[in-house]
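> only geometry, no sequence info:
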């Protein structure tokens, strides 16, 4: 038991848990959308990266709470005692199953099928055969699916801000104020519009409800 509770192993498990948090949850999609919306508003560092990433992280935890709960229950019901490597494998299988179900639910089948087909070429001669149920295929397929959806959402959110930029630029040119930078006028208007429609609240609501079963 002491061998499996060494600081080195605990550090490895903690690092693995962090990587899992960033790749097996909605963190990728949320962080990308938040960053692009900030860019669309014309704000460079407000909110700061750490604020946006923290928001994405805690929203990801909120969304994945049922998954975490199912993983904990699965591990507790597996009767793992950590007496040897076999117990670690059993704990891994019991804990990863709910996450695989979450990934499968949110993966674009086209991305999964593509990776399965590519694996036949990349793994040729190794004796391994790719499957949509393999975690090594599910994770990249899920991340690509999440990034694709994030850019699709961000594009739709970007359009109203582009309209404001174009309107302000056109008005300044019509008034003969070409020397005035459009951002000086456009940013306050974009912030006003964003606040008027409760932009953060509606955006977060839409992102979170996108994972509702």
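Cool, got the structure. All figures in this text were calculated on a predicted structure; none of them were measured in a lab.
> ok now do the most far-flung residue of the chain relative to its centre, which residues does it touch?
The C-alpha centroid of the chain is most remote from residue 176, which lies 44.7 Å away (Cα atoms, centre = their mean). If a contact means Cβ atoms under 8 Å, 6 or more residues apart in numbering, then residue 176 has no contacts. Heads up, the C-betas are built off the backbone N, CA and C, glycines and all.
> Closest to the centroid, which residue in the protein?
Mean-position check on the chain, Cα atoms, centre = their mean. Result residue 28 at 2.1 Å.
> List the contacts of it.
22, 143, 146, 147, 150.
> Leaving aside the residues adjacent along the chain, what's closest to the last one?
In space, residue 150 comes closest to residue 32 once its chain neighbours are excluded; the distance is 3.8 Å by Cβ to Cβ, 6 or more residues apart in numbering.
> Tell me who's in contact with the one you found.
Counted by Cβ under 8 Å, 6+ apart, residue 32 has contacts 147, 150, 151, 154.
> Same list (these) but as a markdown table, adding distance to residue 74.
Output for these, formatted as a markdown table (distance: Cβ to Cβ, whole Å):
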| residue | distance to residue 74 |
| --- | --- |
| 147 | 28 |
| 150 | 29 |
| 151 | 34 |
| 154 | 35 |
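> Between those, which sits nearest residue 40?
Using Cβ to Cβ, residue 154 comes nearest to residue 40 of these, at 7.7 Å.
> pLDDT wise, what is residue 148 at?
Per-residue confidence at residue 148 stands at 93 (pLDDT).
> Report the rounded mean pLDDT for stretch 61-73.
The model assigns stretch 61-73 a mean pLDDT of 86.
> Output the below-cut-off pLDDT ranges for this structure.
1-14, 78-88, 213 (pLDDT under 70).
> Give me the buried positions along whichever helix in the chain runs longest.
Determined from DSSP state H, the single longest helix within the chain is helix 135-174. Buried residues in helix 135-174, defined by neighbour count with 16 or more other Cβ atoms under 10 Å: 137-139, 141-146, 149-150, 153-154, 157-158, 161, 164-165, 168-169, 172.
> Could you tell me which residues within the strand or helix carrying the residue nearest to residue 150 count as buried?
Taking DSSP states H and E as the criterion, residue 32 maps to helix 27-40. For helix 27-40, the neighbour count (16+ other Cβ under 10 Å) marks 27-38, 40 as buried.
> What is the neighbour count of the closest residue to residue 139 other than its chain neighbours?
Using Cβ to Cβ, 6+ apart and skipping the chain neighbours, the partner closest in space to residue 139 is residue 23 (5.8 Å). Residue 23: 16 surrounding residues under other Cβ atoms under 10 Å.
> OK, contacts around residue 23?
139, 142, 143.
> What segments of the protein are helices?
Under DSSP H, the chain gives helices at 7-23, 27-40, 49-63, 65-77, 85-106, 109-122, 135-174, 182-196, 199-209.
> now the residue nearest to residue 150: how far from residue 190?
20 Å (Cβ to Cβ, to the nearest Å).
> give me every residue that touches the closest residue in space to residue 120 that isn't next to it in sequence.
Nearest non-adjacent residue to residue 120, counting by Cβ to Cβ, 6+ apart: residue 130, 6.4 Å away. Residues near residue 130 by Cβ under 8 Å, 6+ apart: 115, 116, 117, 118, 119, 120, 123, 137.
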